[in-house]
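Engineer: My questions concern the predicted model and sequence given below.
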Amino acid sequence: MLGENLDLPIFSIEKLAIATHNFNIANKLGEGEFGSVYKGKFPDGQEIVVKRLYKSSGQGSEEFKNEVVIISKLQHRNLVKLVGC
Ligand SMILES: Nc1ncnc2c1ncn2[C@@H]1O[C@H](COP(=O)(O)OP(=O)(O)OP(=O)(O)O)[C@@H](O)[C@H]1O
């Protein structure tokens, strides 16, 4: 699995649904090529942004995986950190 290969925490869909109030429209920040983007908060207070894929198969998902791999390796004070997938 992608997250295991990258040594990233893997979040269940339930945990992300709770954090985003079930992907509520009020939490929606925008849309990208691969999916919708939501703001959320974990129970410990950590604020997160969740990107939810439109589909889990096909060419788009390969591109999305490449994006995740690259973002997981980036670290900069002006970039948000990938905390899991
Ligand atoms: N960390 C974030 N904080 C606030 N808003 C965000 C964040 N990430 C994404 N967004 C919002 O979600 C929108 C879509 O982001 P996303 O990264 O999916 O798309 P993109 O980079 O515009 O396109 P692509 O899907 O081609 O990468 C952005 O235009 C922005 O409005």
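Structural biologist: Sure thing, it's come through. Numbering: from 1, shown residues only.

Engineer: which ones are touching the nearest residue to I71 once chain neighbours are set aside?
Structural biologist: Leaving aside its sequence neighbours, I71 sits nearest to L82 (Cβ to Cβ, 6 or more residues apart in numbering; 4.9 Å). In this view, the C-beta of every residue, glycine as well, is placed from N, C-alpha and C. If you count contacts by Cβ atoms under 8 Å, 6 or more residues apart in numbering, L82 has them with L8, V68, I71, S72.

Engineer: what helix or strand is L82 on?
Structural biologist: Counting by DSSP states H and E, there is no helix or strand that carries L82.

Engineer: Just the closest residue of the protein to the ligand, please.
Structural biologist: With Cβ to the nearest ligand atom, the shortest gap between the chain and the ligand falls at G32, namely 2.1 Å.

Engineer: Grab the nearest non-local neighbour of that residue.
Structural biologist: K51 (7.0 Å).

Engineer: So which bits of the host helix or strand of the one you found are buried?
Structural biologist: In this assignment (DSSP H and E), K51 forms part of strand 47-53. Residues of strand 47-53 classed as buried by neighbour count (16 or more other Cβ atoms under 10 Å): I48, V50, K51.
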